[in-house]
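> Just a sequence and a predicted model for now, questions to come.
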Amino acid sequence: MNKIYGAAAAAVMALAASGPSLAAGPQATVQVLGTLEVPGCEVTQDDGSSEYQFGSLESSLIKPGTATNTLTDRAIEKTWTIRCDGLTYLTYKVTDHEASNSSPAVATQFGLGKVNGDKNIGYYEVLMSGATVDTGNGTDTPARVFATTGTGLSGQLSVSLDRGKTMGWSKDNLNELIAAETFRAKFKVTPTLNGTQTMGGPITENIVLDGALTLDFAFGL
C-alpha cells in the first residue's frame, strides 16, 4: 500500500507541475457605470425681482465728517425660494462686484459704488434668516443657516452674507447639511452711508447706489 500511495502522490505532483500547460480559463470584465445627476434649480423672490430698490434717498441722510448712517428703518427684506427637481444639499458663495468700493474692507460689507471721483458712498450688509425646507412632501419645515470657511458648520437662526465663506441650509437641530427639494430664506439688505468727509466732500449732484453681488449656488459643502 505504501508503494501505491507513493505512486499516487507522485502523479498528483506531476499533474500540479504541468498546470501551466493547460488551456487558460474564461475571463470576464466587471464594469461599473452610471450617471451622477446634478439637479436643476430655479431661484425666485417673493416680489419677482432680485433687485432691492431703495428709490430716492434725501441728502440729509448723509452725516458730516466721518460718521456713518446705517439706514435700519429703510432695510428691505425679501423671501428667496430655490426649487430643485430632486433632493439635494444646497450651499452658495458670494461674489461682490463692488468689493473695491466697500468701506471699511470687511467681508460682510458690500460696496455701494463711488462718489466725488474715487470716494466710497458706503456699504450694505445682507442678513439671511427664517430658513425653511421642503423635502418633497409639500410641507415647509424649519431649518438653520450657516456660514463656514471649512468642512464643519454650525447652524444658526441667522447669518450675515460673507464673501469669504460658504453659506447654506442645515438641519434644525444638528450641525450638518440638509437635503431638500425646496429651500427658502429671508434676505434683508441694510445700507450704510458714509459721512461727507469719507465721501470726499459735500454732495453737489445726484448719486446712484450701485451695489451688486452674485450668489453662486452649489450642491454640497
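Happy to help now that I have it. Residues are numbered from 1 along each chain as shown.
> center of this protein, which residue is that?
Per C-alpha atoms, centre = their mean, the C-alpha nearest to the average position across the chain is that of Tyr92, at 1.1 Å.
> which secondary structure element contains that one?
strand 91-96 (DSSP states H and E).
> In the sheet, which residues pair with the closest residue to Thr135 other than its chain neighbours? Tell me.
The shortest distance from Thr135 to any non-neighbouring residue, by C-beta to C-beta, 6 or more residues apart in numbering, is to Ala180 (4.9 Å). Backbone N, C-alpha and C define where each C-beta goes, glycine included. As for beta bridges, Ala180 partners with Thr88 under DSSP bridges.
> re the thing from before, can you mark which positions in the strand holding Tyr92 are buried?
Going by neighbour count (16 or more other C-beta atoms under 10 Å), the buried part of strand 91-96 is 91-94, 96.
> Return the list of strands paired to that strand, each annotated with direction.
strand 166-170 (antiparallel), strand 213-218 (antiparallel).
> The shortest one - what's its average pLDDT?
Which is strand 166-170. Strand 166-170 shows a mean pLDDT of 96.
> And that strand, what's buried?
166-170.
> and if you look at stretch 203-210?
207, 209.
> Dump it to PDB, keeping only the CA atoms.
In PDB, the C-alpha atoms belonging to stretch 203-210 read as follows (Å, rounded to 0.1, in the frame of the first residue of the first chain):
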ATOM      1  CA  ILE A 203     -22.600 116.100  -2.400                       C
ATOM      2  CA  THR A 204     -23.400 118.600  -5.200                       C
ATOM      3  CA  GLU A 205     -25.300 116.300  -7.600                       C
ATOM      4  CA  ASN A 206     -27.400 113.100  -7.600                       C
ATOM      5  CA  ILE A 207     -25.500 109.900  -6.800                       C
ATOM      6  CA  VAL A 208     -26.600 106.400  -7.600                       C
ATOM      7  CA  LEU A 209     -26.300 103.500  -5.300                       C
ATOM      8  CA  ASP A 210     -24.700 100.800  -7.400                       C
END
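> Where does the prediction get shaky in the chain?
1-22, 103-105, 221 (pLDDT under 70).
> wait, which of the strands paired with strand 91-96 is closest to Pro26?
Ranking these by their distance to Pro26 (criterion: C-beta to C-beta) puts strand 213-218 first, at 45.8 Å.
> Double-check that Ser154 belongs to a helix.
No. If the criterion is DSSP: H, G, I helix; E, B strand; the rest coil, then Ser154 is coil and not within a helix.
> Would you mind measuring from it to Thr135?
22 Å (C-beta to C-beta, to the nearest Å).
> Ok, Asp47 next?
26 Å.
> roughly how far out does the strand holding Tyr92 sit from the chain middle?
5 Å (C-alpha atoms, centre = their mean, to the nearest Å).
> cool, stretch 121-135 as well?
With C-alpha atoms, centre = their mean, you get 12 Å for stretch 121-135.
> what do you get for stretch 190-209?
With C-alpha atoms, centre = their mean, you get 31 Å for stretch 190-209.
> what's the answer for stretch 75-93, then?
The answer for stretch 75-93 is 9 Å, by C-alpha atoms, centre = their mean.
> Would you mind writing the CA trace of the strand holding Tyr92 as CSV?
Once non-C-alpha atoms are left out, strand 91-96 reads as follows in CSV (Å, rounded to 0.1, in the frame of the first residue of the first chain):
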residue,chain,number,x,y,z
THR,A,91,-24.8,75.9,-0.5
TYR,A,92,-23.6,79.1,-2.0
LYS,A,93,-20.7,81.6,-2.1
VAL,A,94,-20.9,85.3,-2.6
THR,A,95,-19.1,87.4,-5.2
ASP,A,96,-19.1,91.2,-4.6
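> This completes my enquiry, with thanks.
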